[in-house]
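Student: any chance you can model this:
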Amino acid sequence: MQILIVNNPMSGLRDGAVFTFIRQLSLPGDEIVLRNIDDITPISEYVADAALFDLVVVAGGDGTISAACYALRYSGIPILPFRAGTGNLLVTNLELPDEPYALAALARQPYMLDFDMGEITFDNNGASRTRGFTVAAGSCRRS
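Tutor: Numbers count the residues shown, from 1 in each chain. Below you'll find the model as predicted:
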């Protein structure tokens, strides 16, 4: 399995649970690519080659997860949100496990869920900007 993990190392408590998840998820023959995002680069650049992977895991808060989902909208690429923020409304609403071992087991299941996203366009210093959101509209610098 080829897995892309997009990680926001500044999200939440920064407890490193994503590394426990990676250790549990890894099987012989897997290729796992970890990309730690920053506040400057649009998340779309981190997932530009997502079609080369079987699964994209997004570890972060609601803003990071929403931005990645929006960047991959219409792609058909499976996305697994990993709770790394303090709230993570989407993860809560999807009733995904918090425990890295349980989430790693879920990552290999063929179960998929389609859900709708919202899109908001706003004025940003005279320039029109569009962003996507999964649960609630809010501010996220990664678009």
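Student: can we go C-alpha only for contacts and neighbour counts from here?
Tutor: Fine.
Student: name the residues of stretch 37-50 that are buried.
Tutor: Buried residues in stretch 37-50, counting neighbours by 16 or more other Cα atoms under 10 Å, are found at Ile37, Pro42, Ile43, Ser44, Tyr46, Val47, Ala50.
Student: out of those, who's nearest Leu90?
Tutor: Ile43 (17.9 Å; Cα to Cα).
Student: just checking, the closest one touches Ile37?
Tutor: Yes: the pair Ile43 and Ile37 qualifies as a contact (Cα atoms under 8 Å) at a distance of 7.3 Å.
Student: show me what the helix or strand harbouring Thr20 is packed against.
Tutor: Using DSSP states H and E, the element containing Thr20 is helix 17-25. Contacts defined by 3 or more Cα pairs under 8 Å, 6 or more residues apart in numbering; DSSP states H and E place helix 17-25 against helix 100-107.
Student: name the residues of the helix it packs on that are buried.
Tutor: For helix 100-107, the neighbour count (16+ other Cα under 10 Å) marks Pro100, Tyr101, Leu103, Ala104, Ala107 as buried.
Student: so where's the chain uncertain?
Tutor: Residue ranges of the chain with pLDDT under 70: 133, 135-143.
Student: okay, strands next: where are they in it?
Tutor: For the chain, the strands defined by DSSP state E cover 2-7, 31-36, 55-60, 79-83, 118-124, 127-133.
Student: so which of those gets nearest Phe21?
Tutor: Among the strands of the chain, the nearest to Phe21 by Cα to Cα is strand 79-83 (9.1 Å).
Student: who does the closest one pair with, and is each partner parallel or antiparallel?
Tutor: According to DSSP bridges, strand 79-83 forms sheet pairs with strand 55-60 (parallel).
Student: tell me the buried residues in the partner strand?
Tutor: By neighbour count with 16+ other Cα under 10 Å, strand 55-60 contains the buried residues Leu55, Val56, Val57, Val58, Ala59, Gly60.
Student: that's all I had, so thanks and see you.
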